[in-house]
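**Student:** generate coordinates for the sequence data below:
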Amino acid sequence: MAVKIKKPTTENGLRKIVEEMSGVDLGTCYQCKKCTSGCPVARLTKSVPSEIIRRLHLGAGNELLDSDLIWMCLSCETCYSRCPMQINTAAVIDALRVLAVEKKAAVQQGNVPLMNSMFLKTVETFGRTYDLAMIMAYKLGTGSIMSDTEKFPAMLQKGKMALLPHSGADKQVVKRIFKKSQQSKGTVK
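**Tutor:** Coordinates of the predicted model:
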């Protein structure tokens with residue numbers, strides 16, 4: 001597959017910015033593609049991890065922010081564990097995700113923003129994730145309240161989901177983290 005790279009507006013394109021944000025030296029990658037061969041979502045995306053790194057090497061500009069991989073990456077760090085040069089590709093993808101949001105380059109598709117929002121809201125409220133509340137809020141948001149309900153009893157029986165939230169989290173610490181995060185982004189006055 002031919003990779004087209006628009007001429008960057010800066011000398012290194014996004015590379016320097018991404019390296020600073022992620023703390024990763026992309027120059028150490030020698031394109032062994034072990035990151036791609038272990039990536040659980042690589043077969044589902046148009047751009048694979050090794051291609052993203054290579055395109056950054058070649059001076060890719062903002063067109064890289066439209067890559068579907070930056071939204072599909074699970075941040076599981078399988079790529080990092082497989083990399084012989086210990087390049088944290090997940091951190092690079094996270095940096096690209098932040099830049100895409102800042103520059104409004106790409107919009108998450110489908111119900112991804114809703115799922116992210118519901119996940120973060122349950123963590124903020126309960127101090128950790130509470131699956132039942134998150135799923136209920138997500139289902140209400142999508143309007144598909146009754147879909148997949150036949151799986152719920154089996155999940156309860158196998159202990160995969162709890163009826164009540166876990167009580168071990170320090171909710172005050174988590175709330176402080178969320179408040180500080182919102183203040184650093186300028187959303188709280």
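**Student:** hang on, Thr45 packs against Leu74?
**Tutor:** No: Thr45 sits out of contact with Leu74 when judged by CB atoms under 8 Å, with a separation of 11.4 Å. Where you see a C-beta, it was placed from the backbone N, CA and C, and this is true even at glycine.
**Student:** with neighbour numbers in mind, choose between these two.
**Tutor:** When neighbours are counted by other CB atoms under 10 Å, Thr45 comes out ahead of the other of Thr45 and Leu74, with 19 against 11.
**Student:** low-confidence regions, this structure specifically.
**Tutor:** Confidence mapping of the chain against pLDDT under 70 gives the ranges 1-12, 106-109, 185-189.
**Student:** mind redoing it with 80?
**Tutor:** Screening the chain residue by residue with the criterion pLDDT under 80, one finds the ranges 1-13, 104-113, 167-169, 182-189.
**Student:** which stretches of it form helices?
**Tutor:** Listed in chain order, the helices of the chain (DSSP state H) span residues 15-22, 34-38, 49-57, 69-72, 78-82, 89-102, 112-126, 131-142, 152-157, 171-184.
**Student:** ok, the closest residue to Lys139 other than its chain neighbours - how many residues close by?
**Tutor:** Leaving out its chain neighbours, the residue that sits closest to Lys139 by CB to CB, 6 or more residues apart in numbering is Ile145, at 4.9 Å. Ile145 is surrounded by 10 other residues when neighbours are defined as other CB under 10 Å.
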